[in-house]
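*Asks:* Provided below for reference: sequence and predicted model.
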Protein chains: 2
Amino acid sequence: MVGDRPEDLTAALADGLGADLCVVSGGLGPTHDDRTVEALAAVSGRKVEVDGALESEIEAFSRAAAERLGRQYADFATGVTKQASLPVGATVLGLAGTAPAFLLELDGCVVVVLPGPPDELRRLWPRALEHPAVEAVIARGRRRAHRVLRFFGPSESALARALAEAGGEDEAVEATVCARDFEIHLDLLVEPGGEKRARALEEALRGAFPNELFSTDERRVEELVLEACRERGYTLATAETATGGLVGARLTGVAGASDVYVGGTIAYSNEAKCAELDVPAELLRAHGAVSAETASAMASGARRRFGAQLAVSVTGIAGPGGGTREKPVGLVFLAVESPDGESTEKIVIPGDRDRVRTRATVIALHLVRRHLGTAGHTPE
Amino acid sequence: MVGDRPEDLTAALADGLGADLCVVSGGLGPTHDDRTVEALAAVSGRKVEVDGALESEIEAFSRAAAERLGRQYADFATGVTKQASLPVGATVLGLAGTAPAFLLELDGCVVVVLPGPPDELRRLWPRALEHPAVEAVIARGRRRAHRVLRFFGPSESALARALAEAGGEDEAVEATVCARDFEIHLDLLVEPGGEKRARALEEALRGAFPNELFSTDERRVEELVLEACRERGYTLATAETATGGLVGARLTGVAGASDVYVGGTIAYSNEAKCAELDVPAELLRAHGAVSAETASAMASGARRRFGAQLAVSVTGIAGPGGGTREKPVGLVFLAVESPDGESTEKIVIPGDRDRVRTRATVIALHLVRRHLGTAGHTPE
């Protein structure tokens, strides 16, 4: 990551040009502090020139945008010329919004420049991959197979130890252990000929953590949950307090979630828990809003209210305030209810508000996954 | 950002040691691919030694964690010794979890090494700032004032043009324009003596965008919304379809939200819109789930259901499926209802599912802010 200062940009690009392929993103916007083009031109000793065809294309896009927004085109004109200015010799790969992607072939280095906004980058990246210059670099590269193992439950240390006991990494298999999103992701990069060794490692780890290994591909836990519900013909509802909608947001982030997920209630106040999730007021008085009893009642209430086969609930104390000696910040109760029965969990999550909320969300999703028995990969 | 490969790490650290202060985060974990200490030792020509006192501290922490998790301490032992190993001459700044923060004074460079997890980093960073070696570097530095202007509405281009017309940046004031989270953030870095110039720039931009400049500090829009409600004694509820809980999640991400935010409904299915938000079935049939009428009915329903003074609703088509010629992917209707009346908005958001959802969430929050008239900074 490089800031906007010209000297930082030229230093980073000069570094990058030492590689066979240098991929740059961002700094292509209309404002003066978007300096990728001028920095790349300076480092590669090229002039910057306006590309006429590109300018027309960006102008057309900007005029339409100006009209849609009810603004004058004059506001955009300077930016259009700037965004159509490229180092001499550059090949335009395509346009997303007003920013172009382009490619520059230098002596010993192919430079691919992409817009910064993630969806624009994603849209234009395939164009770069199709370009003969990029294809040629990739054809020269080392091809390694990639195996993904995802675990929920074991610590990073325990996994590293199991990996070491299975022989650890060597010249044939590079292993990366990474704690991400409160899961442990193990990536194996396998040289040609290392497949047997990688399979042995995978089997050893599956033996050590048969219930914790939940995925051997890139699907996220919310996708696994939705697929497991879909397979059983279940619909799904949520009931949240501390996570405030994060469980619903993760589930509905998956395209096509609507055939499984019917809805949820964010019951932040106690009144809402009673009125919208039918949690009995006396139960709240007796056990408190953050309790196993309330979690169960919330799951039952959501299931009935939304007419769903399965409902998951989360109630907890996200902090920084609201904790007591008996019920500290980070205390979270979760419940899943379905025709298969009930699963519950109680945990105290260390860390700040953000960490408590995001981790409780991940635990809720994995609780549903385990409830549905979708470990998917049982030991052989 | 540097990967785990030893040669990448040593190259990046060698670069960093050219600065007066080099701050490193991450790579302090218990596994073999956490290599910050060994890389720093290699680059600075120091040996690595186990710090006995530190080892005891990490061991105590790990034994407690092992007990809590019902695991053997043996799983942790190797990691503990690794995490207590530091370059000779390092000063321990503190411990968060099992990873230590430490400081190393080299010839011409002070190196601060912090754990990677954001909350651990945040907790230990103040210790680094208090260390005399870091204080000395900062005292030698240039002190620039920082002004923040946040806009919602104008394009990055329009803002850049207004900035240029006001004289633009110069030696006294450095300006950075950045589109972030669908807002435009303008940062002014002001040299001593540049204050008058910075004030003039700020006033010119306020004159150009009186209603779009919504904040001159670092508070996020959800904080402004909660504060505006609090000032009026309003409680707040949400009703969401396409955003699936993201509006609730943003609001409840703010500590202390519970005195304003009472709850919300994620009404993903049409049945849930009728049963849980009292949207009339005939209204849904006549206008569809994604319509101005449904957005209004959802806001009214949430307001009544949750007994809130103010409710905000979002209904839309997040995509990639579900669009039609009349109602394309990205079409979103929003409504706010309160004792002050109703505010509504209709927009077609370009981009993928993730972008439609996050941008609709930001628009919803700003619609509430504007509804409450909390621009906060009117032109002078």
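*Replies:* Thanks, I have the structure now.
*Asks:* SS state for residue A:297?
*Replies:* Under DSSP: H, G, I helix; E, B strand; the rest coil, the three-state class of residue A:297 is helix.
*Asks:* got the contact list for it?
*Replies:* In this structure, residue A:297 makes contact with A:277, A:278, A:279, A:280, A:283, judged by CB atoms under 8 Å, 6 or more residues apart in numbering or on different chains. (C-beta placed from N, C-alpha, C; glycine too.)
*Asks:* What residues does the residue of the stretch 251-380 of chain A found nearest chain B make contact with?
*Replies:* Nearest to chain B in the stretch 251-380 of chain A, going by CB to the nearest CB, is residue A:252, at a distance of 2.7 Å. Residue A:252 sits next to A:258, A:261, B:242, B:243, B:244, B:245, B:266, B:268, B:318, B:357 when contact means CB under 8 Å, 6+ apart.
*Asks:* next one: residue A:340
*Replies:* Residues in contact with residue A:340 (CB under 8 Å, 6+ apart) are A:371, A:372.
*Asks:* repeat for residue A:315
*Replies:* Residue A:315 is in contact with A:240, A:241, A:242, A:289, A:290, A:291, A:294, A:295, A:298, A:332, A:333, A:334, counting by CB under 8 Å, 6+ apart.
*Asks:* For it, give the beta-bridge partners.
*Replies:* Beta-bridge pairing of residue A:315 under DSSP bridges involves residue A:333.
*Asks:* mind checking how far it is from residue A:293?
*Replies:* 10 Å (CB to CB, to the nearest Å).
*Asks:* cool, residue A:172 as well?
*Replies:* Distance from residue A:172 to residue A:293, by CB to CB: 54 Å.
*Asks:* What of residue A:323?
*Replies:* Distance of residue A:323 to residue A:293, given as CB to CB: 19 Å.
*Asks:* and what of residue A:30?
*Replies:* 57 Å.
*Asks:* Pick out whichever of the two has more residues nearby.
*Replies:* residue A:30 (26 against 17; other CB atoms under 10 Å in any protein chain shown).
*Asks:* For the more buried one, which non-adjacent residue is spatially closest?
*Replies:* Counting by CB to CB, 6 or more residues apart in numbering or on different chains, residue A:79 is the residue found nearest to residue A:30 once chain neighbours are left out, at 2.7 Å.
*Asks:* Could you do residue A:179 as well?
*Replies:* Using CB to CB, 6+ apart, the nearest residue to residue A:179 is residue A:156, at 5.0 Å.
*Asks:* What segments of the stretch 151-300 of chain A are strands?
*Replies:* For the stretch 151-300 of chain A, strands defined by DSSP state E, counting those that start in this stretch occupy the ranges A:173-180, A:183-190, A:213-215, A:236-240, A:261-267.
*Asks:* Quick one: those as a markdown table, columns for mean neighbour count and distance to residue B:89 too.
*Replies:* Formatted as a markdown table, those follow (neighbours: other CB atoms under 10 Å in any protein chain shown; distance: least, CB to CB, whole Å):
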| stretch | mean neighbour count | distance to residue B:89 |
| --- | --- | --- |
| strand A:173-180 | 18 | 29 |
| strand A:183-190 | 20 | 33 |
| strand A:213-215 | 23 | 42 |
| strand A:236-240 | 32 | 50 |
| strand A:261-267 | 31 | 52 |
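*Asks:* Make CSV out of these and add mean pLDDT.
*Replies:* CSV is the format used below for the strands of the stretch 151-300 of chain A (pLDDT from 0 to 100):
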stretch, mean pLDDT
strand A:173-180, 88
strand A:183-190, 94
strand A:213-215, 94
strand A:236-240, 98
strand A:261-267, 98
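*Asks:* Most neighbours of all the contacts of residue A:315, which one?
*Replies:* Highest neighbour count within the contacts of residue A:315, by other CB under 10 Å: residue A:240, with 34 neighbours.
*Asks:* Hmm, residue A:318 and it touching each other?
*Replies:* No. Applying CB atoms under 8 Å, one finds residue A:240 not in contact with residue A:318, separated by 11.0 Å.
*Asks:* wait, isn't residue A:58 in contact with residue A:82?
*Replies:* No. Applying CB under 8 Å as the test, residue A:58 and residue A:82 come out as separate, 9.6 Å apart.
*Asks:* before we move on, back to that, quick check: the gap between the residue of the stretch 251-380 of chain A closest to chain B and residue A:225.
*Replies:* Counting by CB to CB, the gap from residue A:252 to residue A:225 is 12 Å.
*Asks:* do residue A:11 as well
*Replies:* 46 Å.
*Asks:* before we move on, what about residue A:138?
*Replies:* Taken as CB to CB, the span from residue A:138 to residue A:225 is 35 Å.
*Asks:* between the two, which one's more packed in?
*Replies:* residue A:225 (28 against 11).
*Asks:* Identify the spatial nearest neighbour of the more buried one, chain neighbours not counted.
*Replies:* residue A:368 (4.9 Å).
*Asks:* Check what pLDDT the one you found gets.
*Replies:* The model reports residue A:368 with a pLDDT of 98.
*Asks:* Can you verify residue A:345 is assigned to a strand?
*Replies:* Yes. Applying three-state DSSP, one finds residue A:345 inside a strand.
*Asks:* just to revisit the earlier point, contact partners of the stretch of helix or strand the residue nearest to residue A:30 belongs to?
*Replies:* Using DSSP states H and E, residue A:79 sits within helix A:74-83. Helix A:74-83 is contacted from outside by A:28-31, A:34, A:50, A:55, A:58-59, A:62-63, A:65-66, A:98-100, B:155-158, B:160-161, B:164, using CB under 8 Å, 6+ apart.
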